[in-house]
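*Asks:* for reference, the sequence and a predicted model appear below.
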Amino acid sequence: MKQRDDKILLGHGSGGRMMHDLIENLFLKHFSNSILDEQTDAAILNVGSEEIAFTTDSFVIDPLFFPGGNIGKLAVCGTVNDLAVSGAEPLYISVSMIIEEGFPMQGLELIVESLAAEAEKAGVLIVTGDTKVVNKGKCDKLFINTAGIGRVKKENRLVSKALDIQPGDVIIINGTIGDHGMAVMNARESFNFRTSIESDCASLNQLIREVLDQSPVKFMRDPTRGGVATVLNELVEKTKLGIEIDESALPILSGVKAMCELLGFDPLHIANEGKVLIVASEKDGNAILEILKKNELGLKSAIIGRVVADHPGKVVLKNETGGRRIVDSLSGDQLPRIC
Amino acid sequence: MKYVDEYRKKDLILSVSEKLKSISKKEIVLMEVCGGHTMAIHRFGLHSLLPSNIRLISGPGCPVCVSSQHFIDTAMAYSKLPGVIITTYGDLIRVPGSTTSLEKERANGSDVRIIYSVLDALEIAKKNPEKRVVFLGIGFETTAPLTAAAILQAQKEKIPNFFVLSAHKVMPPVMKALVDEGVKIDGFIAPGHVSAITGTAIYDTLASECGLGVVISGFEPVDMMHSVLMLTEQLESGTPKVEVQYQRVVQHDGNKIAQQILDDVFELRDDQWRGLGTIPKSGLRIRENLSAFDAEKHFQVDVPESTEPKGCICGQILRGLKTPVDCGLFAKKCTPADPVGACMVSGEGTCATYYKYRV
């Protein structure tokens, strides 16, 4: 690690550049192995003749309840989606809770009911768990960790690895961006914006299965912390190609757009919890778009850009006014504790 | 989105771009002195839409960037005192001081809170009567009235634990100083929201004495292109003057109520600007009768002599003499994640904007 990082800062957990550096320079340095080094959302493991995907995620969101969901629903969706974008069919999840002394039982029950309801909706079983209670003030209300496993079909095993990306491939998203981050921010801070923005928090495994069953997909990732910009930057870094995004094609709710304008945020950096970015060849793009649009989680799906041979390693946005600008990964700490 | 989309129309922008090409072949250098303008130019890629003979350069318009190292170091010293809560707009917490930053002091246990309005700082003071709450006041005539209103509110509500460390500054003296120093420009694109408060007369001497055109501009791409066109037309006709492009917001006399509040709370003082040195009567100090809210009067801290980082050319960038790509640290040792100079920290800083947006 560089000398300046002698303490952990909030930015190290933001999903952007600082976290990327922390993982590279500390975690991978000590944990490195061929599976982890792939750095996909879920590890793909050989167990006998089967392949399974395995993932884990912790949830520290503040506030616990927000428009469109709560920490319980989010804890299921997050893990289910990490498995689904890895090409796996999610099967079983664990739920571990760290609860602050004095937490109201009624609130806990609401959260547990949401966990159960979302697991049922996503078709996964909660099969193991753990409970810890810590002294008042030693954690903030409630933290949840979930881990999950899923079965990987042979034909989908490479979908998270971005192996065959070519110039001309299209980039698709299944709906509006930035809803989750802005809904949580509006619920947390005292802006009192009169807006109906709700988190997009949803389990995407069924939607993704419909796509994978019907069409070849080259890459998938859920743009959570760090937003669409961070996923696309990781992709150009990995493929040594460029990406061009068309601003006028980006689906963004007017409320989200307005909040971002006021607060100086780029919607491309804002977290989503019910979105998947899909890269496919140009000839398959429209078919995938049609499949997505038939599902209620994909009504506003759009092709937002394409892979290009120009500007390798860079994501460039062609804006509505005809100008062009770079879209970088998120640096530092924009919105802490949004998941 | 209403009041935004109208000012981002591609056709309109391109038609201004065409007109610019037809009316002038002169080499023209215009300086914008507002971080919001710097952002808009790069975010919308306006450089690529201007004819090659017209160049825009960025002056000292980002409040975070021009705040002196001494101010940052003082804020840091306060943050280490017992029972102090520092409240600040978000950009400031990552600005490197001489040895550390507020972000790092927060990790060390200081209570540093990001707020979105100075009134939030007042609320924090009310809720924590046993603590001393310091608001770091930065910004120009646009944000200073809000700080002034908060101080008057604190006086009215008798909130004894609310303090302001003022680095508030005013715009005209630094613009004049740049001209006097010999920075070669042909006109200013002036910040619209400053004039929404002050009115337009603050720039009269720049036009009458220095012979420089000033166009007070809005922040959308159509506004910016329109302002460039107005300045170019002034140059072509040889009639430098103060004009308002941002007519939907700026009135000739400005906001009288805000001006009164500013005058009630602040008085002018000589002030330090990062990289530019001390500029006479360019800063705002809290008046003596309100000194109970002045952090500089209340807290006694020893702040060692501040040092500016080696190799950093923020000062020359703020003068419009160099661009970030001229700096040996830019995008190498100095990045938004690990900034060396202040221009890289703020989202409105010239270096951060170049790093983020420039294709």
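*Replies:* Yep, that arrived.

*Asks:* stretch A:41-50 spans what distance, first to last residue?
*Replies:* End-to-end distance of stretch A:41-50 (Cα to Cα, to the nearest Å): 19 Å.

*Asks:* biggest strand in the chain, by residue count?
*Replies:* This is for chain A. strand A:88-100 (DSSP state E).

*Asks:* wrong one, chain B
*Replies:* strand B:277-286.

*Asks:* list the contacts for the nearest residue to residue B:128 once chain neighbours are set aside?
*Replies:* Leaving out its chain neighbours, the residue that sits closest to residue B:128 by Cβ to Cβ, 6 or more residues apart in numbering or on different chains is residue B:85, at 6.4 Å. All C-beta atoms are positioned from the backbone trio N, CA, C, and that covers glycine. Contacts were defined as Cβ atoms under 8 Å, 6 or more residues apart in numbering or on different chains; by that measure residue B:85 touches B:111, B:112, B:113, B:124, B:128, B:131, B:132, B:133, B:134.

*Asks:* partners of the third one in the sheet?
*Replies:* Right, the one you point to is residue B:113. residue B:87 (DSSP bridges).

*Asks:* distance of it from chain A?
*Replies:* Distance, residue B:113 to chain A, by Cβ to the nearest Cβ, to the nearest Å: 12 Å.

*Asks:* ok, that residue touching residue B:124?
*Replies:* Yes - Residue B:113 lies in contact with residue B:124 (Cβ atoms under 8 Å); the separation is 6.7 Å.

*Asks:* now do the same contact list for residue 92.
*Replies:* No chain was given, so I picked chain A. So residue A:92 contacts A:124, A:125, A:126, A:127, A:148, A:149 (Cβ under 8 Å, 6+ apart).

*Asks:* let me rephrase: I mean chain B.
*Replies:* B:64, B:67, B:72, B:75, B:102, B:136, B:138.

*Asks:* quick check: the residue of chain B found nearest chain A vs residue A:133, distance?
*Replies:* In chain B, no residue comes nearer to chain A than residue B:45, which is 2.2 Å away by Cβ to the nearest Cβ. Taking Cβ to Cβ, to the nearest Å as the measure, residue B:45 falls 54 Å from residue A:133.

*Asks:* who's more crowded, these two?
*Replies:* Comparing residue B:45 with residue A:133 by other Cβ atoms under 10 Å in any protein chain shown, the one with more neighbours is residue B:45, at 22 against 14.

*Asks:* what sits in contact with each of residue B:113 and residue B:124?
*Replies:* With Cβ under 8 Å, 6+ apart, residue B:113 and residue B:124 have common neighbours B:85, B:87.

*Asks:* out of these two, which sits in the busier spot?
*Replies:* residue B:124 (19 against 14).

*Asks:* doesn't residue A:326 make contact with the residue of chain B closest to chain A?
*Replies:* No - the pair residue B:45 and residue A:326 does not pass the contact test of Cβ under 8 Å, sitting 9.7 Å apart.

*Asks:* now residue B:210, what are its backbone angles?
*Replies:* Backbone torsions of residue B:210, given as degrees, to the nearest 10, read phi -100, psi -10.

*Asks:* in contact with it, which residues are there?
*Replies:* B:176, B:179.

*Asks:* quick one: contacts for residue A:240?
*Replies:* Applying Cβ under 8 Å, 6+ apart, the residues near residue A:240 are A:312, A:313.

*Asks:* most neighbours among the contacts of residue A:92, which one is it?
*Replies:* Result: residue A:148 is most packed of the contacts of residue A:92 (other Cβ under 10 Å), 30 neighbours.

*Asks:* does that residue touch residue A:86 like I think?
*Replies:* No - with contact defined as Cβ under 8 Å, residue A:148 does not reach residue A:86; the gap is 10.4 Å.

*Asks:* now do the helices in chain A.
*Replies:* A:17-22, A:28-31, A:71-84, A:105-122, A:179-188, A:205-214, A:227-239, A:254-263, A:282-294 (DSSP state H).

*Asks:* winner for burial among those?
*Replies:* helix A:71-84 (a mean of 29; mean count of other Cβ atoms under 10 Å in any protein chain shown).

*Asks:* taking helix A:179-188 as reference, get the angle to that one.
*Replies:* For helix A:71-84 against helix A:179-188, the angle by axes from the mean of the first three to the mean of the last three Cα atoms, to 10 degrees is 160 degrees.

*Asks:* chain center to helix A:71-84: distance?
*Replies:* Averaging C-alpha positions (Cα atoms, centre = their mean, to the nearest Å) puts helix A:71-84 9 Å from its chain's average.

*Asks:* for that helix, which helices and strands make contact with it?
*Replies:* When contacts are defined as 3 or more Cβ pairs under 8 Å, 6 or more residues apart in numbering or on different chains; DSSP states H and E, helix A:71-84 packs onto strand A:50-59, strand A:88-100, helix A:105-122, strand A:142-152, helix A:205-214.

*Asks:* okay, angle between the first one and helix A:71-84 too, please.
*Replies:* I take that to be strand A:50-59. Using the same axes, to 10 degrees: strand A:50-59 against helix A:71-84 is 150 degrees.

*Asks:* next, the buried residues of strand A:50-59.
*Replies:* A:51, A:52, A:53, A:54, A:55, A:56, A:57, A:59 (16 or more other Cβ atoms under 10 Å in any protein chain shown).

*Asks:* ok, that strand: who's next to it in the sheet?
*Replies:* strand A:43-47 (antiparallel), strand A:142-152 (antiparallel).

*Asks:* rounded mean pLDDT for that strand, please.
*Replies:* Averaging pLDDT along strand A:50-59 yields 96.

*Asks:* specify the residue ranges that define each domain of the chain.
*Replies:* No chain specified, so I'll use chain A. A:40-156, A:170-326 (automatic domain parsing).

*Asks:* chain B was what I was after
*Replies:* Taken from automatic domain parsing, chain B resolves into B:1-305, B:314-357.

*Asks:* ok, which of the ones you listed comes nearest residue A:186?
*Replies:* domain B:1-305 (11.7 Å; Cβ to Cβ).

*Asks:* residues in contact with residue A:263?
*Replies:* Per Cβ under 8 Å, 6+ apart, neighbours of residue A:263: A:185, B:116.

*Asks:* now the spatially closest residue to residue A:322 that is not a sequence neighbour: phi and psi?
*Replies:* Excluding the flanking residues, the one nearest residue A:322 by Cβ to Cβ, 6+ apart is residue B:10, at 5.1 Å. The phi/psi pair for residue B:10 (degrees, to the nearest 10) reads phi -60, psi -40.

*Asks:* my guess is residue B:10 contacts residue A:323. True?
*Replies:* No - look at residue B:10 against residue A:323 with Cβ under 8 Å: they stay out of range, at 9.4 Å.

*Asks:* so for those two, which residue has more residues nearby?
*Replies:* Neighbour totals were compared for residue B:10 and residue A:323, and residue A:323 leads with 23 against 16 (other Cβ under 10 Å).
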